[in-house]
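Colleague: Pasted the sequence and its predicted model underneath.
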Amino acid sequence: MIGGSKTAHSIVEPTPLAKRVSGVIIVIYALITMVPLAWIFATGFKTPSDSISYPPKILFEPSLEGYVNLFTTRTRQTPEYMATLPPPTTWYDELVRSRKMVIAGPSKFGERFTNSIIIGFGSTFLSVFLGTLAAYGFSRFKVPLKDDLLFFILSTRMMPPIAVAIPIFLMYRNLGLSDTHLGMILLYTAVNISLAVWLLKGFMDEIPREYEEAAMIDGYTRLQAFRKVVLPQAMTGIASTAIFCLIFAWNEYAFALLLTSGTAQTAPPFIPTIIGEGGLDWPAVAAGATIFLIPVLVFTILLRKHLLRGITFGAVRK
Amino acid sequence: MAEIRIKNLHKAFGDFIAVRDSSFTVANGEFFVMLGPSGCGKTTTLRMIAGLELPTSGQIMLGSEDVTFYRAAKRDIAFVFQLFALYPHMNVRQNIAYPLKSEGVSRAQIKDRVEETARLLRIDDILDSPVSGLSGGDRQRVALGRAIVRRPKVFLMDEPLGALDAEFRALMCDELRGLHNRLGATTVYVTHDQIEAMSMADKIAVMNNGSIEQFGSPQEIYDRPTSTFVAEFIGSPPMNLLSFHAGLRKGRKTVKLSNSSIAVPELRESVAPSELLLGIRPEHVRFDDAARLRGRIMSTEYLGSTQIISLSTSHGPLKARLPAEIAAKTGDNVGLTLMGERLSIFDRATGRAVQTALYETVPHA
């Protein structure tokens, strides 16, 4: 036996102890990173006074006040006026009246959230669509000045996007793209496309050409071969690229603050404005942040299996 | 079913010439093998026939049709890739059915033809398995199934056995040849393995540096190599080449090596005094103590029924294949006789074979 050891372990397979230790480390790390998320999630269900109590309350009586405040606008009324009102018909009416206020109407959060969905997913779709075509082209065809073009595409990422905020602001004003959905989709696509092209080109390069060649011999055109043979193979890459693009577009704050104010305003610049409406309403802000997290979370979970699945399933022997 | 005619086919990638002015014809129903070392242009030629690569110049005819610039889908050919290229997101049945789908064949008919093909290849039991778990041999059969299901005019195969284990390769060789005999479709097969080529081919083209060195039946290529490249590429061990200097007259029947006169096939052309090579297959060497051509035994390699004996002679190294029971001791000095009627003579500078009675039936490439 090599080395004469009685407990011969495989060199590539970690020992059970090493596995357990690394498992514990990963769990601890995950818990640490989850503290802020847990804090936000909890704050969303606290009353305003609980949310600012010190030391912070770990156990508290949950309240939906934050969520009600997030979705409504309210006005403070005199007790005399309140007395003239008919009894509250819904639980949230009652909750608001117990704070000596009445609901004046829905807040803008729903609209802003919808804008985030339209702009986030719209720009993600466009980035991935254009990125996939460009990556396939760069991967398979002789493109004149290919390396220079790829570098040029990458170079747009070499400065923080906000560095060009002023030119874009002026440009958008003149083009009438300020505060429009189209404008924001185009902007986020422009930022994301370099990432999409580079990531996807890597994935495309890994897909053997023989698949398309086989399909073209089997009677398909290049476009059909691309759609039916290359695209299913590239799903892993497309899924992970889409997640990266969505996270950027979804979280983007600076451009959204600068270029949108009404129609096309997304949730990130809107959520902080809740604070100003009637005192420091931390539960409402936390409720907004919690809801804001959900779409990206769901999207990532849905595409998770693509992230984990191998690219070619070993059908081609290397 | 169709004949393939290649006329002056030429392909350059920038400065690199992959295929140099090739012309050949593959008869209808023939099993044609392109054999050569890697980078000799055999795969490029095959890809041009398939339509995966466009020639720089020249013409490709399938039957009576000029397909030089047709796209692959229009040529009615099937291609078996070295790495099989089975679509990983489809199962075996879908893979085999895929070429039929593009032709708009009805569902019921696709089912029938896929199952018929699977029976022929004996893979009907794995039709609904994913391709990822299949063994090399089964993958090979699925790739073949995808090729034959459409009954194309021509089969093109790019080293289809290259990825298989050695023991399995011999079996697949038999199967491929059997399949060819049953289907009778014109087949172009690319390989660097001379055993595959010899055992399957009706005709072989030996390629080197983008050119066809020799075109002929396996026996022609083995017995009458027209160049030193072919002589050394074919055969294991390859043909021995003993160097000597001479000028030879047309009609001569002997050459002189070490003061011994060696019979050769009658010369059909004169050769000016120059460096020449005498080509002899290992199995055409005999030991004879009385012979004047001598060699010293350097090593022996026992192969069961025969042995390969490496000798050093004053004209260069020589390998002899002799029955295993002949005693041969390293260091021994032995006399050698060569079977005169099987010898070839090459010009050392050009590598070309000198025309002799042996070569009369072989056209020079």
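Modeller: Yes, it's here.
Colleague: What count of nearby residues applies to the residue of the stretch 151-300 of chain B found nearest chain A?
Modeller: Nearest residue of the stretch 151-300 of chain B to chain A, counting by C-beta to the nearest C-beta: B:Ala163, 5.0 Å away. To be clear about C-beta, it is placed using only N, CA and C from the backbone, and glycine gets the same treatment. Using other C-beta atoms under 10 Å in any protein chain shown, the number of residues around B:Ala163 comes to 17.
Colleague: give the contact list for the closest residue to B:Leu86 other than its chain neighbours.
Modeller: Once flanking residues are discounted, B:Leu86 sits nearest to B:Val131: 4.4 Å by C-beta to C-beta, 6 or more residues apart in numbering or on different chains. When contacts are counted by C-beta atoms under 8 Å, 6 or more residues apart in numbering or on different chains, B:Val131 touches A:313, A:315, B:86-88, B:90-92, B:95, B:139, B:142.
Colleague: Show the buried residues in those residues.
Modeller: Neighbour-count burial (16 or more other C-beta atoms under 10 Å in any protein chain shown) applied to those gives A:315, B:86-88, B:90-92, B:95, B:139, B:142.
Colleague: could I get these as TSV with pLDDT, secondary structure and distance to B:Asn8?
Modeller: Listed next are the buried ones among the contacts of B:Val131 as TSV, based on pLDDT from 0 to 100; DSSP: H, G, I helix; E, B strand; the rest coil; distance: C-beta to C-beta, whole Å:
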residue	pLDDT	secondary structure	distance to B:Asn8
A:Ala315	37	coil	38
B:Leu86	91	coil	36
B:Tyr87	90	coil	36
B:Pro88	88	coil	40
B:Met90	90	coil	40
B:Asn91	91	strand	44
B:Val92	93	helix	42
B:Asn95	92	helix	37
B:Arg139	88	helix	37
B:Val142	92	helix	37
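Colleague: Relative to B:Phe168, which of those is nearest.
Modeller: B:Arg139 (11.3 Å; C-beta to C-beta).
Colleague: Contact partners for the closest residue to A:Lys146 other than its chain neighbours?
Modeller: Spatial nearest neighbour of A:Lys146, excluding adjacent residues (C-beta to C-beta, 6+ apart): A:Phe138 at 6.2 Å. A:Phe138 sits next to A:146, A:149-150, A:197, A:201, A:204 when contact means C-beta under 8 Å, 6+ apart.
Colleague: if we go to 10 Å?
Modeller: Neighbouring residues of A:Phe138 by C-beta atoms under 10 Å, 6 or more residues apart in numbering or on different chains: A:146-147, A:149-150, A:153, A:197-198, A:200-201, A:204-205.
Colleague: Mark which of these are buried, thanks.
Modeller: Using 16+ other C-beta under 10 Å, the buried members of the contacts of A:Phe138 are A:150, A:153, A:197-198, A:200-201, A:204.
Colleague: out of the residues you listed, which are inside helices?
Modeller: A:150, A:153, A:197-198, A:200-201, A:204 (DSSP state H).
Colleague: Nearest to chain B among these?
Modeller: A:Met204 (15.2 Å).
Colleague: so the closest residue to the closest one other than its chain neighbours is in which element?
Modeller: Nearest non-adjacent residue to A:Met204, counting by C-beta to C-beta, 6+ apart: A:Ser139, 3.8 Å away. Following DSSP states H and E, one finds A:Ser139 within helix A:109-140.
Colleague: That helix: which residues count as buried?
Modeller: Those would be A:109, A:111-113, A:115-116, A:119-124, A:126-128, A:130-132, A:134-136, A:138-140, for helix A:109-140 by 16+ other C-beta under 10 Å.
Colleague: Near A:Gly23, how many residues? Count them for me, please.
Modeller: Burial measure for A:Gly23: 10 neighbouring residues, criterion other C-beta under 10 Å.
Colleague: Tell me, how many residues neighbour A:Met82?
Modeller: 13.
Colleague: for it, what are its contacts?
Modeller: Going by C-beta under 10 Å, 6+ apart, the list of residues near A:Met82 reads A:76, A:97, A:100-102.
Colleague: quick check, it in a helix?
Modeller: Yes. Counting by DSSP: H, G, I helix; E, B strand; the rest coil, A:Met82 falls inside a helix.
Colleague: gap between it and A:Ala284?
Modeller: 22 Å (C-beta to C-beta, to the nearest Å).
Colleague: Give me the phi and psi angles of the spatially most central residue of chain A.
Modeller: When C-alpha atoms, centre = their mean is applied to chain A, the residue found nearest the centroid is A:Ile247 (2.9 Å). Here is the backbone geometry of A:Ile247 (degrees, to the nearest 10): phi -60, psi -40.
Colleague: Next: B:Ser274.
Modeller: phi -170, psi 180.
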